[in-house]
Each structure stands twice: as C-alpha cells, then as structure tokens.
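A.B. asks: Quick one, fold the following:
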Amino acid sequence: MSDDLRLGLNLGYWQRHATDATDLVQAAERLGYDSVWTAEAYGSDVFTPLAWYGARTTRIKLGTSVAQISARSPVTTAMTAMTLDHLTGGRLLLGIGASGPQVVEGWYGRPFPYPLARTREYIDIMRKVWRREAPVTNDGPHYPLPYPGGTGLGKPLKLITHPLRPEIPVYLGAEGPKNVALAAELTDGWLPLFTIPQQIPALYGDSLAKASPGFDIAAMVLVMVTNDLREALDTVKLMLTLYIGGMGARSKNFHADIISRMGYAEAAEKIQHLYLTGKKDEAFKAIPDTLADDISLLGPPARIRERLRLWRDSPVTTLLAMGPHDEPALRTVRDLVLG
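C.D. replies: Numbers count the residues shown, from 1 in each chain. Presented below is the predicted three-dimensional model:
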C-alpha cells in the first residue's frame, strides 16, 4: 500500500497523425510529474519522441512503455538505451515487452514462440553490454553471440562507449502471471496495461513474491476529469473494444485473457466474437460499464479523489496517467494524485 504514489504521464504512440507533445511534456515537468512515457505498435517508434522530449526538458524521467523486443536485437536496444541515457543525464527508464504474435510475426517477421525465454535472454544480454565486464557472448538459442555459422569471422565485442549508468532501470510490460513473475525476478518494475487495483494481490501476489525492495509497479490508467461520466465511460469502452476484440487473434489475445482473469470472461468472449464477425457497435455495447470504471479514474474531481483510494491501497507505486491533454488537465490530475 502507498499513500505516496508517484505520478507519470503516458503519451502512448502516435495515432493517424504525428503528434509533438513537447508543450505537454514541459508542462508535466513544471508541475512535478516524475516521468513521461512513450510507446510503439506499428507506427511511431518509442525512442525518437523520447529523445526529442529529453532535449527539451531537464528533470523529468523518460520511459518506454514499451520497446518491443522483436523490433531490435538486444544489443541494438542496449546501444540505443545507453545513448539516450547519456544524452539526457541518466533519465531513461527502459520498458520492454514481447508484444503478440500478430505484430511480431506479421510486422517484424520474427518468430513469437518462447516469449518468456526470449525476454530473459534479451535482458541478460543488455546488462552484459552495459556492464562492459567482458566481450559480450551468449549461448542461448534465441540471440546467440557470436552468430553461429555465417562467415565464421564473428568475434565477441565490448561496447566502445562507457555507459553513464551500467545499470539502466529495466521495466517489463506484462499481463500473464508467468510474465509478471519474470518481471519481479529480473527487472526493476512492472508496467501493467489493464489493472483493477484491488485485484492485484489475488491475481499476482504469487507472481510478485520475488520482487526486490523498491520494485516499481507503474500502472497505466486512463484519467478523465469531467462532469460527463457517461462520455468518459464510453471513451474507455471504445479503447477496450479494439483491445479485447481486435488486438490479437481469436485463439490468442492476451488483452482478452487478462479481462477474463479479472472476472469478465463471459463478456470478453462475447466482445471478441462480435468484433471479429464485423459487429463492432455491438461489441462496444457489450463492454460492461463496471469494467471500464474499474480500470480507470473517471468523473468529477471528488469522485476521482475517492476512487484513488483503491489505487493507494494497492501495490501500485506509480500511476501513469493517460488522457490529460493540456496544462489545466495536468494540474488537476497532479493535485488529485499528489496533493
């Protein structure tokens, strides 16, 4: 439980049009937000906007939520993270994640199986790169170094540049219990996407057992301060329609799986079926208001302040607000969370 939630701003990834959120990021820094986070799917990448914002700020931490591991080799991500960490004075928080088979195999052209083993290997290689204790080698099956075969001329190498920090904080975007357990075992923090805060102990208590002191649970939460609760609920439901219905195959949709584990199995199955049969409006209507409300902070300030108690009484340590789009909204959220 924490009465001292840290507050971050999650910008997500660009939608149809490019978005420069410099003014919003600078306002968040002025208002005392601890961090700002970007994301990637199959549009804007996760690192370039952070470099842009990092050059225009001085204090706020810069997080990736998340860098997809199939998009880059582990040494490429390690080099990019080291470079950005140097240029921003040690402000990077490196969130990574496995994504799903549709994106991994359909967009990146990489195999999806064994995501846990691949993630473990990936993290190990990145930390070898940053520590510079020896030329980097890896005997694992997913990212062997040097590459077996080929010309036979590959040799182990050591990072030329000395990192500003040899232990850049690593976070893991995870939804399944085994993946959350991996986050607790190996990383500095967990980035849950959809969370009912009071359910975390029951759903993930065993998974979090190996977490070290200071382990950061940085939950992404849509925050909408408004007197129109109906409109706010519908905004969340619109997002859930896509994630439950269309962000994954019928046989493997991690977002639908987590909604099922949170007690909405029948609804998740119905929503996915309607969406995949082209009935998107009906899928939207099938999302329970209680689900949209449970994972979000919506409504007038007094209602949000009351519902924040659920987050303060949970294991969540950082609230990553999604939704504030101007300085007044940022200030209101800041006052509610940190005031």
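
A.B. asks: Okay, domains of the chain per the record?
C.D. replies: Domain ranges of the chain: 6-222+300-338, 227-298, per automatic domain parsing.

A.B. asks: where in the protein is pLDDT low?
C.D. replies: 1-3, 248-251 (pLDDT under 70).

A.B. asks: Mind doing that once more with 80?
C.D. replies: Where the chain drops to pLDDT under 80, the residues are 1-3, 246-253.

A.B. asks: Not counting its neighbours along the chain, what's nearest residue 179?
C.D. replies: Once flanking residues are discounted, residue 179 sits nearest to residue 116: 6.4 Å by CB to CB, 6 or more residues apart in numbering. To be clear about C-beta, it is placed using only N, CA and C from the backbone, and glycine gets the same treatment.

A.B. asks: Look up how far residue 204 lies from the residue most central in space within the chain.
C.D. replies: Centroid-nearest residue in the chain, with CA atoms, centre = their mean: residue 65, separated by 3.4 Å. Taking CB to CB, to the nearest Å as the measure, residue 65 falls 18 Å from residue 204.

A.B. asks: ditto for residue 66
C.D. replies: Look at residue 66 and residue 204: by CB to CB, they are 18 Å apart.

A.B. asks: do residue 57 as well
C.D. replies: Taking CB to CB, one finds residue 57 at 33 Å from residue 204.

A.B. asks: How about residue 273?
C.D. replies: 28 Å.

A.B. asks: Neighbour count for the two, which is higher?
C.D. replies: residue 204 (24 against 15; other CB atoms under 10 Å).

A.B. asks: these two touch, right, the more buried one and residue 178?
C.D. replies: No: the criterion here is CB atoms under 8 Å, and residue 204 misses it with residue 178 at 10.7 Å.

A.B. asks: Show me the helices in the stretch 201-339 of the chain, by range?
C.D. replies: Assigned by DSSP state H, counting those that start in this stretch, the stretch 201-339 of the chain shows helices spanning 229-246, 254-259, 265-276, 280-285, 289-294, 301-312, 327-338.

A.B. asks: closest one to residue 123 among those?
C.D. replies: Proximity to residue 123, assessed across the helices of the stretch 201-339 of the chain by CB to CB, is greatest for helix 254-259 (19.5 Å).

A.B. asks: So what touches the closest one?
C.D. replies: Helix 254-259 is contacted from outside by 100, 175-176, 193-194, 240, 243-244, 247-248, 265, 267-269, 271-272, 291, using CB atoms under 8 Å, 6 or more residues apart in numbering.

A.B. asks: rerun that using 6 Å as the cut-off
C.D. replies: 100, 175, 194, 243-244, 247, 268, 272 (CB atoms under 6 Å, 6 or more residues apart in numbering).

A.B. asks: so can I have CSV of those showing neighbour count and distance to residue 222?
C.D. replies: Below are the contacts of helix 254-259 laid out as CSV (neighbours: other CB atoms under 10 Å; distance: CB to CB, whole Å):
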residue, neighbour count, distance to residue 222
100, 20, 21
175, 19, 17
194, 22, 10
243, 18, 12
244, 31, 15
247, 16, 16
268, 25, 18
272, 23, 21
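
A.B. asks: Closest to residue 34 out of those residues?
C.D. replies: Out of those, the member with the shortest distance to residue 34 (by CB to CB) is residue 194, at 21.8 Å.

A.B. asks: contacting residues for the residue lying closest to residue 5 once chain neighbours are set aside?
C.D. replies: Leaving aside its chain neighbours, residue 5 sits nearest to residue 319 (5.1 Å; criterion: CB to CB, 6+ apart). For residue 319, the contacting residues are 5, 7, 221, 337, by CB under 6 Å, 6+ apart.

A.B. asks: Just give me how far stretch 18-31 sits from the chain centre.
C.D. replies: Put simply, stretch 18-31 sits 19 Å off its chain's centre (CA atoms, centre = their mean, to the nearest Å).

A.B. asks: what packs against the strand ranked longest in the chain?
C.D. replies: Identified as the longest strand of the chain according to DSSP state E is strand 216-225. With contacts taken as 3 or more CB pairs under 6 Å, 6 or more residues apart in numbering; DSSP states H and E, strand 216-225 sits against strand 189-191, strand 297-299, strand 318-322.

A.B. asks: The last one vs helix 301-312, what angle?
C.D. replies: Here strand 318-322 points in a direction 140 degrees away from that of helix 301-312 (axes from the mean of the first three to the mean of the last three CA atoms, to 10 degrees).

A.B. asks: start the count at 31, not 1, going forward
C.D. replies: With the count now opening at 31, the last piece we talked about shows up as strand 348-352.

A.B. asks: Note down every partner strand of strand 348-352 and its orientation.
C.D. replies: strand 36-42 (parallel), strand 246-255 (parallel) (DSSP bridges).
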